[in-house]
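1. how does the following fold in three dimensions:
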Amino acid sequence: IYTDLGIMAGVATTCEECEGKRFQASVLDYRFGGRDISEVLAMPVTEAEQFFGTGEAKLPAAHAILGRLVDVGLGYLSLGQPLTTLSGGERQRLKLATHMGEKGGVYVLDEPTTGLHLADVEQLLGLLDRLVDSGKSVIVIEHHQAVMAHADWILDLGPGAGHDGGRVVFSGTPADLVADRSTLTGRHLAAYVGA
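-> Reported below is the predicted structural model:
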């Protein structure tokens, strides 16, 4: 229960009737795969993917959706987690997982690594590779050097940022950009790859 205290910070208290489960007792009597709805919504995506993949709770459509969430690196989120608690990068990856179920041919991602741990960046790169391998075109606007080094083709805009940029200062492979080193991005990418 959320109580707005006007000019002071609001206060959240646990409902005494449902004990924070958000459902009436009559709803919690219903079980699916041995769990009630509050238990299902509390599951992390990775656990829910397994739950909906086998046994009496097997539900192929749910399993497929949850698999896409794991693929985009959101396996740690709980099913019932409010959207307002997600970061911009998490929301973008959620949207990507949603679109992966469609027949689209081109994906445009704006800074998908924002807020990601390096291990999650590697997982994201694997996902992008799988999209490309399946015949999709993936365009990524990104500053993360691991993503740039992994790209098939780079368009470097500059020569500076903001009003000092906006022109294509390089177009080619990451290896060519590193060898060229004529741009700020090229010099930073060369240092990153140790060239």
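2. could you pull up the mean pLDDT of the host helix or strand of Gly126?
-> Secondary structure assignment for Gly126, by DSSP states H and E: helix 118-133. Across helix 118-133, pLDDT averages out at 87.
3. contact partners for the residue found closest to Gly172 once you drop the neighbours it is linked to in the chain?
-> Distances taken as CB to CB, 6 or more residues apart in numbering put Ile154 closest to Gly172, at 6.6 Å, once the chain neighbours are dropped. Where C-beta positions appear, they are placed from N, C-alpha and C, glycine not excepted. Neighbour list for Ile154: Met148, Phe170, Ser171, Gly172, Thr173, Pro174, Leu177, Thr185 [criterion: CB atoms under 8 Å, 6 or more residues apart in numbering].
4. okay, now the sheet partners of the helix or strand harbouring the second one, with direction.
-> Just to be clear, that refers to Phe170. Element membership of Phe170, judged by DSSP H and E, is strand 167-172. When pairing is defined by DSSP bridges, strand 167-172 lines up against strand 154-158 (antiparallel).
5. please export the C-alpha coordinates of the partner strand as CSV.
-> Taking C-alpha atoms only, strand 154-158 is exported to CSV below (Å, rounded to 0.1, in the frame of the first residue of the first chain):
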residue,chain,number,x,y,z
ILE,A,154,31.9,0.9,-38.8
LEU,A,155,30.7,4.4,-39.7
ASP,A,156,32.6,6.9,-37.5
LEU,A,157,31.0,10.3,-37.2
GLY,A,158,33.0,13.3,-36.2
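6. okay, which residue is most central for the chain?
-> In the chain, the centroid-proximal residue (CA atoms, centre = their mean) is Arg93; its distance is 2.7 Å.
7. in the helix or strand just after the helix holding Gly126, what's buried?
-> Downstream of helix 118-133, the next assigned helix or strand under DSSP H and E is strand 137-141. Across strand 137-141, burial judged by 16 or more other CB atoms under 10 Å covers Val138, Val140.
8. for strand 137-141, packing partners?
-> With contacts taken as 3 or more CB pairs under 8 Å, 6 or more residues apart in numbering; DSSP states H and E, strand 137-141 sits against strand 106-110, helix 118-133.
9. can you confirm Thr46 is in a strand?
-> No - going by DSSP: H, G, I helix; E, B strand; the rest coil, the assignment for Thr46 is helix, not a strand.
10. wait, it touches Leu77, no?
-> No - contact criterion CB atoms under 8 Å: Thr46 and Leu77 do not qualify, at 9.4 Å.
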